[in-house]
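A.B. asks: Generate a structure from the sequence data that follows.
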Amino acid sequence: MDYFKKVWAIVWKDIRAEIRTKEIFSSMFIFSLLVLVIFNFSIDLLEVNPLDIAQGVLWIAFTFSGILGLNRSFLFEKENDCLQGLMLTPIDRSAIYLGKMLGNLIFMLIMEAIAVPIFVVLFNIGIYDKIISLAIVIFLGTLGFVTVGTLFSAMSVNIKAREVMLPILLFPIVVPLIIASVKSTGAILTGKPFDDIISWLKLIAVFDVVFLVVSFLSFEYIIEE
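C.D. replies: Purely as a prediction, here's the structure:
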């Protein structure tokens, strides 16, 4: 029980810091909004069926805005020497990972919850009868993304070119996850039955579990370096 209190303390610290600075969420939301607006104006929706491109546009917005948030995930700790302070405390290193990962997950989910209605309006796509299925896919896809992203964010925090290094490390690993998420989202938006996306959801779930376990176990060795 004490372990989860420590995890929650880290999550709450990140939430309070974000409420004060508004750096992570604001950058993610503005970037995702820009992506959606630019794609909306660059594509003639009278000639192109929105359902042919919508899922790709949505996950491009999620992925690249998520990178902005992950790049700053450990930056606050590094700039204020908080990371060294955390390392000196008698706390399991995996609790630090879980706390940071859950914080990143919360920020991304809030951003996505605001971005999706804007996406629906801009691309004139009805999701009202598909919202539960879509929410499941977005949650599982986002969970896998931040699971790996938080680990690599910790790896790259001490690198000068961390803004460049994080995408280089992250994207090759999450390609299967993004493909499965895009395919699942496309199937849902086009009205295919939920059974048709089960295989993709299984792939996403396996990815989430495998990389959550790997990240959980390896974080201590990575952060010590």
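A.B. asks: Which secondary structure state does Leu201 sit in?
C.D. replies: helix (DSSP: H, G, I helix; E, B strand; the rest coil).
A.B. asks: separation between it and Ser26?
C.D. replies: 32 Å (C-beta to C-beta, to the nearest Å). In short, each C-beta sits where N, CA and C put it, glycine included.
A.B. asks: So between those two, which is more surrounded?
C.D. replies: Leu201 (18 against 13; other C-beta atoms under 10 Å).
A.B. asks: who's in contact with that one?
C.D. replies: 136-137, 140, 180, 184 (C-beta atoms under 8 Å, 6 or more residues apart in numbering).
A.B. asks: if we go to 10 Å?
C.D. replies: The contact partners of Leu201, by C-beta atoms under 10 Å, 6 or more residues apart in numbering, come to 133, 136-137, 140-141, 180-181, 184, 194.
A.B. asks: One more: Ser199?
C.D. replies: Per C-beta under 10 Å, 6+ apart, neighbours of Ser199: 180, 183-184.
A.B. asks: between those residues, which is nearest Ile114?
C.D. replies: Closest approach to Ile114 among these (C-beta to C-beta): Ser184, at 21.1 Å.
A.B. asks: what helix or strand does that closest one sit in?
C.D. replies: helix 162-189 (DSSP states H and E).
A.B. asks: Pick out the lowest-pLDDT one from the contacts of Leu201.
C.D. replies: Lowest pLDDT within these is found at Phe194 (78).
A.B. asks: ok, the residue lying closest to that one once chain neighbours are set aside to Thr190 distance?
C.D. replies: Nearest residue to Phe194, sequence neighbours excluded (C-beta to C-beta, 6 or more residues apart in numbering): Ser133, at 5.6 Å. Applying C-beta to C-beta, the value for Ser133 to Thr190 is 12 Å.
A.B. asks: Which one of these two is surrounded by more residues?
C.D. replies: More crowded of Ser133 and Thr190, by other C-beta under 10 Å: Ser133, with 20 against 15.
A.B. asks: helices or strands up against the biggest helix by length in the chain?
C.D. replies: When every helix of the chain is counted residue by residue (DSSP state H), the longest turns out to be helix 93-123. Counting by 3 or more C-beta pairs under 10 Å, 6 or more residues apart in numbering; DSSP states H and E, the packing neighbours recorded for helix 93-123 are helix 2-21, helix 24-42, helix 50-71, helix 82-88, helix 131-156, helix 198-224.
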